[in-house]
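1. With the input below, show me the fold.
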Amino acid sequence: QVQLVEFGGGLVQAGGSLRLSCAASGRTASSSTMAWFRQAPGKEREFVGAVSWSGGNTGYADSVKGRFTISRDNSKNTVYLQMNSLKPEDTAVYYCAARRYGGIYSSVTEYEDWGQGTQVTVSS
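-> Got it, this is the predicted structure:
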(Lines give C-alpha, C1' and ligand atoms only; values in the text may rest on other atoms or scores of the structure.)
Protein backbone atom coordinates (compact mmCIF):
# COMPACT_ATOMS: atom_id res chain seq x y z
CA GLN A 1 0.00 0.00 0.00
CA VAL A 2 1.10 3.56 -0.71
CA GLN A 3 0.29 6.45 1.60
CA LEU A 4 -0.40 9.70 -0.23
CA VAL A 5 -0.59 13.24 1.19
CA GLU A 6 -1.52 16.24 -0.94
CA PHE A 7 -0.28 19.80 -0.38
CA GLY A 8 -0.72 23.15 -2.02
CA GLY A 9 -4.44 23.75 -2.36
CA GLY A 10 -5.94 27.14 -1.69
CA LEU A 11 -7.87 30.09 -3.03
CA VAL A 12 -6.74 31.74 -6.27
CA GLN A 13 -8.27 34.21 -8.69
CA ALA A 14 -9.27 33.19 -12.19
CA GLY A 15 -6.28 33.30 -14.51
CA GLY A 16 -3.90 32.55 -11.70
CA SER A 17 -1.66 29.55 -11.02
CA LEU A 18 -1.26 26.97 -8.30
CA ARG A 19 1.01 23.98 -7.83
CA LEU A 20 -0.14 20.90 -5.98
CA SER A 21 2.24 18.34 -4.52
CA CYS A 22 1.63 14.75 -3.50
CA ALA A 23 4.11 13.02 -1.20
CA ALA A 24 4.12 9.22 -1.36
CA SER A 25 5.42 6.73 1.18
CA GLY A 26 5.13 3.00 1.79
CA ARG A 27 5.37 0.63 -1.16
CA THR A 28 7.98 1.75 -3.69
CA ALA A 29 6.03 4.68 -5.06
CA SER A 30 8.41 5.27 -7.92
CA SER A 31 7.24 2.04 -9.55
CA SER A 32 3.64 3.24 -9.86
CA THR A 33 1.69 5.32 -12.29
CA MET A 34 0.54 8.41 -10.41
CA ALA A 35 -2.50 10.51 -11.20
CA TRP A 36 -4.58 13.49 -10.14
CA PHE A 37 -8.35 13.42 -9.99
CA ARG A 38 -10.81 16.07 -8.84
CA GLN A 39 -14.31 16.17 -7.48
CA ALA A 40 -16.58 19.19 -7.43
CA PRO A 41 -19.63 19.36 -5.14
CA GLY A 42 -22.44 17.20 -6.46
CA LYS A 43 -20.31 15.72 -9.22
CA GLU A 44 -18.46 12.48 -9.73
CA ARG A 45 -14.70 12.24 -9.30
CA GLU A 46 -13.03 12.93 -12.63
CA PHE A 47 -9.62 12.31 -14.13
CA VAL A 48 -7.25 15.27 -14.46
CA GLY A 49 -3.92 13.77 -15.50
CA ALA A 50 -1.51 10.88 -14.99
CA VAL A 51 2.22 10.26 -15.30
CA SER A 52 4.15 7.02 -15.78
CA TRP A 53 6.78 5.91 -13.31
CA SER A 54 9.56 7.25 -15.52
CA GLY A 55 7.81 10.54 -16.17
CA GLY A 56 8.09 9.93 -19.88
CA ASN A 57 4.41 9.30 -20.53
CA THR A 58 1.58 11.58 -19.48
CA GLY A 59 -2.13 11.89 -20.18
CA TYR A 60 -4.63 14.66 -19.52
CA ALA A 61 -8.31 15.32 -19.55
CA ASP A 62 -9.36 17.52 -22.45
CA SER A 63 -10.64 20.14 -20.01
CA VAL A 64 -7.14 20.80 -18.62
CA LYS A 65 -4.93 20.02 -21.62
CA GLY A 66 -2.56 22.89 -22.31
CA ARG A 67 -3.16 24.47 -18.89
CA PHE A 68 -2.10 21.77 -16.42
CA THR A 69 1.17 19.86 -16.28
CA ILE A 70 1.81 16.74 -14.23
CA SER A 71 5.34 15.71 -13.29
CA ARG A 72 7.15 13.63 -10.73
CA ASP A 73 10.43 13.50 -8.83
CA ASN A 74 11.08 9.88 -7.87
CA SER A 75 14.06 10.86 -5.71
CA LYS A 76 11.57 12.69 -3.49
CA ASN A 77 8.64 10.30 -4.06
CA THR A 78 6.60 13.36 -5.01
CA VAL A 79 4.18 14.10 -7.84
CA TYR A 80 3.26 17.62 -8.88
CA LEU A 81 0.37 19.24 -10.67
CA GLN A 82 1.14 22.68 -12.07
CA MET A 83 -2.13 24.46 -12.80
CA ASN A 84 -2.08 27.61 -14.93
CA SER A 85 -4.83 29.81 -16.36
CA LEU A 86 -7.20 28.57 -13.70
CA LYS A 87 -10.93 28.91 -14.22
CA PRO A 88 -13.80 28.91 -11.71
CA GLU A 89 -14.86 25.52 -13.09
CA ASP A 90 -11.54 24.09 -11.87
CA THR A 91 -12.83 24.50 -8.32
CA ALA A 92 -12.84 21.07 -6.67
CA VAL A 93 -11.14 18.82 -4.18
CA TYR A 94 -8.06 17.44 -5.89
CA TYR A 95 -6.95 13.89 -5.11
CA CYS A 96 -3.67 12.15 -5.73
CA ALA A 97 -3.86 8.47 -6.72
CA ALA A 98 -1.39 5.63 -7.24
CA ARG A 99 -1.61 2.66 -9.50
CA ARG A 100 0.41 -0.45 -8.71
CA TYR A 101 1.08 -1.27 -12.33
CA GLY A 102 1.97 0.81 -15.35
CA GLY A 103 -0.17 2.44 -17.97
CA ILE A 104 -2.03 5.73 -18.21
CA TYR A 105 -5.65 5.23 -17.18
CA SER A 106 -8.45 7.73 -16.54
CA SER A 107 -10.82 5.51 -14.57
CA VAL A 108 -10.93 5.76 -10.77
CA THR A 109 -11.18 1.96 -10.62
CA GLU A 110 -7.66 1.58 -12.03
CA TYR A 111 -6.02 3.19 -8.97
CA GLU A 112 -5.61 1.37 -5.67
CA ASP A 113 -4.38 4.09 -3.33
CA TRP A 114 -5.75 7.58 -2.72
CA GLY A 115 -4.87 10.67 -0.72
CA GLN A 116 -7.31 12.64 1.41
CA GLY A 117 -7.57 15.48 -1.05
CA THR A 118 -6.82 19.20 -1.06
CA GLN A 119 -9.32 21.96 -1.81
CA VAL A 120 -8.73 24.26 -4.77
CA THR A 121 -11.05 27.24 -5.12
CA VAL A 122 -10.89 29.57 -8.10
CA SER A 123 -12.75 32.85 -7.72
CA SER A 124 -14.13 34.79 -10.68
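2. residue nearest the centroid of the protein?
-> Trp36 (2.1 Å; CA atoms, centre = their mean).
3. Just grab the bridge partners of it for me.
-> Gly49, Cys96 (DSSP bridges).
4. show me where pLDDT drops low in this protein?
-> When residues are selected by pLDDT under 70, those of the chain lie in 28-31.
5. Start from the N-terminal end of it and give the helices.
-> Using DSSP state H, no helices are found in the chain.
6. before we move on, the earlier item: check contacts around the residue nearest to the centre of the chain.
-> Contacts here follow CB atoms under 8 Å, 6 or more residues apart in numbering; on that basis Trp36 touches Leu20, Cys22, Val48, Gly49, Ala50, Ile70, Val79, Leu81, Tyr94, Tyr95, Cys96, Ala97. In short, each C-beta sits where N, CA and C put it, glycine included.
7. any idea how far Ser106 is from the last one?
-> For Ala97, the distance to Ser106 equals 11 Å [CB to CB, to the nearest Å].
8. Pick out whichever of the two has more residues nearby.
-> Ala97 (26 against 15; other CB atoms under 10 Å).
9. and the closest residue to the more buried one other than its chain neighbours, how many neighbours?
-> Among residues not flanking Ala97 along the chain, Tyr111 sits closest, at 3.8 Å (CB to CB, 6 or more residues apart in numbering). Counted with other CB under 10 Å, the neighbours of Tyr111 add up to 22.
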